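>>> what's the 3D shape of this:
(chains A and B)
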Amino acid sequence: MNPFLGPLDSLGRVPALQQTRVASFLVSLHGALARQLALTLPGQFNAGWQTELNTQLHRETEIVSLLLRATSWMPDIMVFYNTLIWEAAWVPTPTAGIADRRLATTIDIAALGHAAHGAIRPAALLPVEASTDDPFVAALRRIEFESSRLIQAQIYFLKSDELKSVRDAVGAAVNDRHRLVRKLWADVLESIGIKPRADDE
Amino acid sequence: MPFLSHGSHRIRYELDGPTDAPAYVLVNGLTQYSELWAAYRDALIGKGFRVATFDLLGQGASTKPELFISQHDQVEALEHLIEALGSGPIFLGGISFGALIALRYAILRSDRLSGLVPMSAFAEMSPQLLLLGNALRTGLILGGTSYLQDLLLPMNLSDAWLKPLLGNLDAVKRQGWLINDVYAVQNLMESFLDFEPLTPQLASIKTPTMILNGEFDFLTPRSLHETLRTHIADSSLVIVPNAYHAFTLEKAALTADLLARFAEDVLAGRWQGRQAVWIAPDEAGGEMTPFPAGFDHLRAIPVQRAAS
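All right, here's what the predicted structure looks like:
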C-alpha cells in the first residue's frame, strides 16, 4: 500500500482507474451537497453568513462539473455498487436529540459539508512528481484549495451561539459524519492501493 | 506508532531513552509534529535523558476534534503523557503554542516538574500578537495550510536558514502541509477566542524555569518573555543570539545543549534563576554571558536602563 496515487505515467499522470474511483466518490459527495443546498437554501437570507451558502451551492456544482471534464474516465464495474452505497450514506438524517426536525436536518447537512471539506484531502494524495499541467491533478488541488473557504459556512453555523444549547448533539452529529465520510473515503483509497492516513484509521 | 487515550481522543507520542533517566517532555508549536524534535531526541538521549514528544490534539497523527479543541484538553493530554513516565524527574519544554500549554501545566502542577523551559513564549495576547494571530487565521482560511506556512516561514526563520532553501521551499513545507488539516489548525487558533491572560497565575510556578527567547523574535518579542521572567521567581531569561521565533528548528544543536545544561544544573543543585538575563552562546557548548549590566534588555539598541 502506498500513501500516494500512482505509479504515475511518464507524463506525471495518475492511472485512469485511480482517477475514476477518486472522481466518482467526489462527484457523488459534492453532487449530494449541491442538491441538498439547492433544496434547503432559504429563498430570502436573513443573516450575512448565509451568503456563503449561496457561494457554496455554486462551488459544489463547479466541483462536479470540473471533475466530469478533468478526469480520464475508464469503465469501472464497481461504480454502480459504490454509487449506491455512497448515495445512501449522504441522505440527510435528522440529528438525534434535537426536537426541531428542520433544524436537526440542517445540522446534519452542515455536518456532511464539514466532513466533505474537512476530512477529504484529495491534493494530499498527489505525489510530488504529479504533473502540474495535468487537468486531474489541477482539479484535485483546486478542490482542496477551495475546501478551506467552503468549510467556513459550516464552521460558523455549527459553532454558533444559536446551537450552544445543543452543542453535544451537534458535536456528535459532526463526529458521526466525519467517521462515515472517512470510512467510505478510506475504502475507496484501499480499493486502489492507497493507505489511509494514521488519523483516518 | 504508540497512542495514549484521552477520553475518545488518541494522542500519538514517542518515548525514547533509558526508563530510569530524568525525562524531557517537549511540546510542539502550531502546525508542528513530533518528528521535528528528532535532533533533540538524539542529543538529549546522548546526554542521559529520556525524551517524550507527542502530537497535540488537532495536529499530526493525534485525534483532530472536529469543532472545538480547548487548551484545557491539551493540558490534560500532556498530563496523561507525564503520568505515563512514572515518578522520576520531569523537565518540560514547549515552543510557542506549546510553551503556552507547558505554562498552563506548570501553573497547575508545578510540584510535578523539576524544570520548565518556555521557548518563544507568551502568557498574554499583546495587541500585536492578537492582530498577527487574527491575520494568520484569515490567511489559513483564505489560502489553506500552505499559505499559512508561507507567512510563518519568513516571519519565524532567519535569512541564513531560508536562503539555501529558497528553491526548495515546497519540500520544506510538504510534511507539515500533508499532516495538518485546515479545520483542525483553525480550531487550535480559535482556542484563543476565550483566552484570558495567564500572568496573574505565573507566580504559582515555583519550578526552576529557563525562558528562551530568540534575539529577533518578531511574533513573540522580548516584552512577552519579560512577563514570564518578572512573575516566575526562580527563572532566568536567556536570549538566543541571531534567532527568530522558530529557533528550535533553526538552532537545534544549540537549543538541545541549553536544555541539557539547564537540567544538569537543576539536578546537581547548581541552578539559580534569580530572574537574571543571559545571552546564550552562538554554538552548543559555548559560554553563557550575563546581559551587560546597566543596559535595557528590552531594547534593540544599547540604551541605559532607567533607574528603578
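>>> Spatially central residue in the chain, please.
I'll assume chain A. Geometric centre of chain A, nearest residue: residue A:116, 2.8 Å, by Cα atoms, centre = their mean.
>>> other chain: chain B
Central residue of chain B (Cα atoms, centre = their mean): residue B:95, at 1.2 Å.
>>> How about it: which residues does it bridge to?
Beta-bridge pairing for residue B:95 (DSSP bridges): residue B:119.
>>> Hmm, it is touching residue B:122, no?
No - counting by Cβ atoms under 8 Å, residue B:95 sits too far from residue B:122 to count as a contact (11.5 Å). (Each C-beta comes from the backbone N, C-alpha and C, glycine too.)
>>> Residue A:95 contacts residue A:110, correct?
No - taking contacts as Cβ under 8 Å, residue A:95 lies outside contact range of residue A:110: 9.5 Å.
>>> Now do the buried residues in the helix or strand where residue B:72 lies.
Here residue B:72 is covered by helix B:71-83, with elements defined by DSSP states H and E. Applying a neighbour-count criterion of 16 or more other Cβ atoms under 10 Å in any protein chain shown, one finds B:71, B:73, B:74, B:75, B:76, B:77, B:78, B:80, B:81, B:82 buried in helix B:71-83.
>>> Let me see the domain layout of chain B.
Domain segmentation of chain B under automatic domain parsing yields B:3-123+B:197-290, B:128-190.
>>> residues from chain A in reach of chain B?
By Cβ under 8 Å from any Cβ of the partner chain, the residues of chain A that approach chain B are A:114-115, A:117-119, A:121, A:124, A:128, A:144-145, A:147-149, A:151-152, A:155, A:158-159, A:170-171, A:174-175, A:178, A:197-199.
>>> I'd like to know which of those are buried.
A:114-115, A:117-119, A:121, A:124, A:144-145, A:147-149, A:151-152, A:155, A:158-159, A:170-171, A:174-175, A:178, A:197, A:199.
>>> Tell me which of these fall in helices.
A:114-115, A:117-118, A:144-145, A:147-149, A:151-152, A:155, A:158, A:170-171, A:174-175, A:178 (DSSP state H).
>>> which helices and strands does the longest helix that chain B contains pack with?
Longest helix of chain B, by residue count under DSSP H: helix B:127-156. In terms of contacts (3 or more Cβ pairs under 8 Å, 6 or more residues apart in numbering or on different chains; DSSP states H and E), helix B:127-156 is packed against helix A:135-158, helix B:169-179, helix B:182-190.
>>> that older thread, same list, the domains of chain B, but as a markdown table with mean pLDDT please.
A markdown table is the format used below for these (pLDDT from 0 to 100):
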| stretch | mean pLDDT |
| --- | --- |
| domain B:3-123+B:197-290 | 97 |
| domain B:128-190 | 96 |
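>>> now, of those, which is deepest in the fold?
domain B:3-123+B:197-290 (a mean of 20; mean count of other Cβ atoms under 10 Å in any protein chain shown).
>>> Just the terminal-to-terminal distance for that domain.
Across domain B:3-123+B:197-290, the terminal residues are separated by 42 Å (Cα to Cα, to the nearest Å).
>>> how much distance is there from it to the middle of the chain?
The chain centre lies 5 Å from the centre of domain B:3-123+B:197-290; the measure is Cα atoms, centre = their mean, to the nearest Å.
>>> and if you look at stretch B:187-194?
Put simply, stretch B:187-194 sits 18 Å off its chain's centre (Cα atoms, centre = their mean).
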